[in-house]
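Q: got a sequence here, can you model it:
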Amino acid sequence: MAIEFQFLSAIKKYLAHKKFDLVLYSTPPITFAKVIEFIKKRDHAYSYLLLKDIFPQNAVDMAMLKEGGFIHKQFLKKEKKLYQISDTIGCMSPANVSFVLTHNPEVNPKKVEVNPNTIEPIKFSYSDEEKKAIREKYNIPADRKVFVYGGNLGKPQGLDFLLETIEVTTNEEAFFLIVGGGTEFARMKEWFDAKQPKNAKLLQSLPKEDYDRMLAACDIGLIFLDKRFLIPNFPSRLLSYLEMKMPVLVATDPNTDIGDIVEENECGYKVLSGDQESMQNCLNKLLNEDLSVLGNNAEKLLLNKYTVDKSYFLIFSKLK
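A: Predicted coordinates for the structure are as follows:
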């Protein structure tokens with residue numbers, strides 16, 4: 001809550017003689033309205049919001065805020081103010097654009113566009129020997145297809161369904177690797193210690209280079225989201241999988257379009273979080289499919305939609 005005033009004070013103190021053409025900011029946080037207003041008025045700058053998470057609705061979905069309560073109402077005012085003062089709002093996907101416009105009818109549709117997370121792809125060329133060595137290093141079976149979940153382990157990820165999937169999967173070709181950290185890591189570790197699953201392994205967060213090697217040694221990327229979400233989340237871990245030319249299996253709420261995008265571009269499958277029958281069907285499909293075809297399609301999707309030059313063009317074309 002204090003960061004807005006801290007930024008404003010620092011800008012006035014240290015950047016009084018600097019002129020800015022562009023104010024670029026992401027959510028969360030949503031508490032920068034006064035900072036943006038100040039720079040817009042002082043410098044006639046263009047303001048571009050990169051809408052990564054739709055807050056406070058995501059906190060309501062996770063039962064972290066009470067809908068209609070005092071705190072929720074205060075944050076809603078700040079959210080609407082931020083949308084109002086933004087010259088352009090760049091959303092993560094078409095479903096996010098629809099959500100923003102549906103729930104904020106006062107926002108001009110002309111200033112809302114799709115501008116998702118983007119990266120400058122790196123070509124990874126690990127040899128089969130290197131991939132084998134990384135599996136040996138972390139004691140991961142060399143003769144099984146590895147479904148990897150990498151990244152944040154928090155409440156929004158719907159990790160109960162991931163643990164249920166590990167527990168009920170009987171196909172001996174499948175192995176699950178979970179690499180990450182976060183608020184739910186301790187609970188995940190307790191579960192692994194108690195259950196001692198033979199078809200899965202849990203590793204704490206790795207350094208970036210080791211994590212990339214680990215991803216390259218896996219076969220299929222996993223994305224999980226809590227089924228309670230009303231907002232259309234679009235996890236950035238998708239880009240890490242696409243960068244590795246890896247097929248993706250997405251288990252999400254019914255409101256996000258990340259699974260639709262994966263299926264439309266033929267680089268993986270989607271299921272609704274909680275639908276274990278569909279999950280097992282998709283797992284078995286992937287175990288019997290030519291993953292190189294799906295992997296090539298994954299790379300095409302990345303290059304067509306999620307490279308940094310596309311974000312750059314969308315943002316800087318507004319300044320001309």
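Q: what is the burial count for residue 203?
A: Residues within reach of residue 203, counting by other C-beta atoms under 10 Å, total 16. Glycine gets a C-beta too; all of them are placed from N, C-alpha and C.
Q: what strand or helix carries it?
A: strand 200-204 (DSSP states H and E).
Q: for residue 192, same thing?
A: Here residue 192 is assigned to helix 185-195, by DSSP H and E.
Q: which residues in the stretch 101-250 of the chain form strands?
A: Ranges of strands in the stretch 101-250 of the chain, per DSSP state E, counting those that start in this stretch, are 112-114, 145-152, 174-181, 200-204, 220-224, 248-252.
Q: how about TSV for those, with distance to residue 21 and mean pLDDT added?
A: Below are the strands of the stretch 101-250 of the chain laid out as TSV (distance: least, C-beta to C-beta, whole Å; pLDDT from 0 to 100):
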stretch	distance to residue 21	mean pLDDT
strand 112-114	19	96
strand 145-152	34	90
strand 174-181	38	93
strand 200-204	42	92
strand 220-224	36	94
strand 248-252	38	94
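Q: picking up where we left off before, just the C-alphas of the strand holding residue 203, formatted as PDB.
A: In PDB, the C-alpha atoms belonging to strand 200-204 read as follows (Å, rounded to 0.1, in the frame of the first residue of the first chain):
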ATOM      1  CA  ALA A 200       7.500 -39.200  -9.100                       C
ATOM      2  CA  LYS A 201      10.200 -37.000  -7.700                       C
ATOM      3  CA  LEU A 202      10.100 -33.600  -6.000                       C
ATOM      4  CA  LEU A 203      13.100 -31.200  -6.300                       C
ATOM      5  CA  GLN A 204      13.500 -27.800  -4.700                       C
END
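Q: what's near enough to touch residue 227?
A: If a contact means C-beta atoms under 8 Å, 6 or more residues apart in numbering, then residue 227 has 158, 161, 252-254, 272-274 as its contacts.
Q: and with 6 Å instead?
A: Counting by C-beta atoms under 6 Å, 6 or more residues apart in numbering, residue 227 touches 253, 273-274.
Q: and the closest residue to it other than its chain neighbours, how far from residue 224?
A: The shortest distance from residue 227 to any non-neighbouring residue, by C-beta to C-beta, 6 or more residues apart in numbering, is to residue 273 (3.9 Å). As judged by C-beta to C-beta, to the nearest Å, residue 273 and residue 224 stand 7 Å apart.
Q: any shared contact partners between those two?
A: 158, 251.
Q: quick one: low-confidence parts of the stretch 51-200 of the chain?
A: For the stretch 51-200 of the chain, the stretches with pLDDT under 70 are 56, 58, 61-62.
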